[in-house]
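Trainee: I'll drop the sequence and a predicted model, then ask my questions.
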Amino acid sequence: MLNKEKLENHIREKIEVLKENIISYRQLTKPIPPDNSIGRLTRMESISSKSINEAALRNANDTLSKLERVLKTINDSDFGLCRECEEPIPFARLMIVPETDMCVECADKRE
């Protein structure tokens, strides 16, 4: 059915990449000092870039939390089953979006 070992290794790799990205995002979201002697447009661009990086940081933290939760439940008997229809979620989908708990059909119905 599922190759849980392969999926678990994949999730662990994604977690490591996310942790590295989070460190980078934290550096990029440090406050921009008002006395910084950069031009007005450059300062506006820096503020805009900071906002984008803050959103990326929130998203990375959210995904990290979900992946860590998946690792805790990967050996549960109902892991890999859609929470709506209770049919198995295709392995390829789990490899792409390991934090999903719905099959494509049920996810499409939700949207």
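Mentor: Arrived safely, thanks for sending. It should be emphasised that the depicted structure is a prediction, and the values quoted were computed from it without experimental measurement.
Trainee: show me where this structure has its helices.
Mentor: For the chain, the helices defined by DSSP state H cover 4-28, 40-73, 91-96, 104-110.
Trainee: show me which positions of the longest one end up buried.
Mentor: Residues 53, 56, 57, 60, 63, 64, 67, 70 are the ones in helix 40-73 that count as buried (16 or more other C-beta atoms under 10 Å). C-betas here are computed from N, CA, C, even on glycine.
Trainee: contact partners for the nearest residue to residue 109 once chain neighbours are set aside?
Mentor: Nearest non-adjacent residue to residue 109, counting by C-beta to C-beta, 6 or more residues apart in numbering: residue 84, 7.6 Å away. Neighbouring residues of residue 84 by C-beta atoms under 8 Å, 6 or more residues apart in numbering: 102, 103, 106, 109, 110.
Trainee: tell me where the model's unsure across the protein.
Mentor: Regions of the chain meeting the criterion pLDDT under 70 cover residues 1-2, 32-41, 43.
Trainee: residue 17 is in contact with residue 60, correct?
Mentor: No. Here residue 60 lies out of contact with residue 17, judged by C-beta atoms under 8 Å, at a distance of 9.4 Å.
Trainee: how about residue 19: what's its closest non-neighbour residue?
Mentor: Nearest to residue 19 is residue 64, by C-beta to C-beta, 6+ apart, at 7.0 Å.
Trainee: and of the helices of the chain, who's closest to residue 80?
Mentor: helix 91-96 (6.4 Å; C-beta to C-beta).
Trainee: can you tell me what sits against that closest one?
Mentor: For helix 91-96, contacts defined as C-beta under 8 Å, 6+ apart pick out 2, 3, 6, 7, 10, 80, 100, 103, 104.
Trainee: write the ChimeraX selection for whichever of these are buried.
Mentor: Listed next is the ChimeraX selection for buried residues among the contacts of helix 91-96, using 16+ other C-beta under 10 Å:
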select :7,10,80,100,103
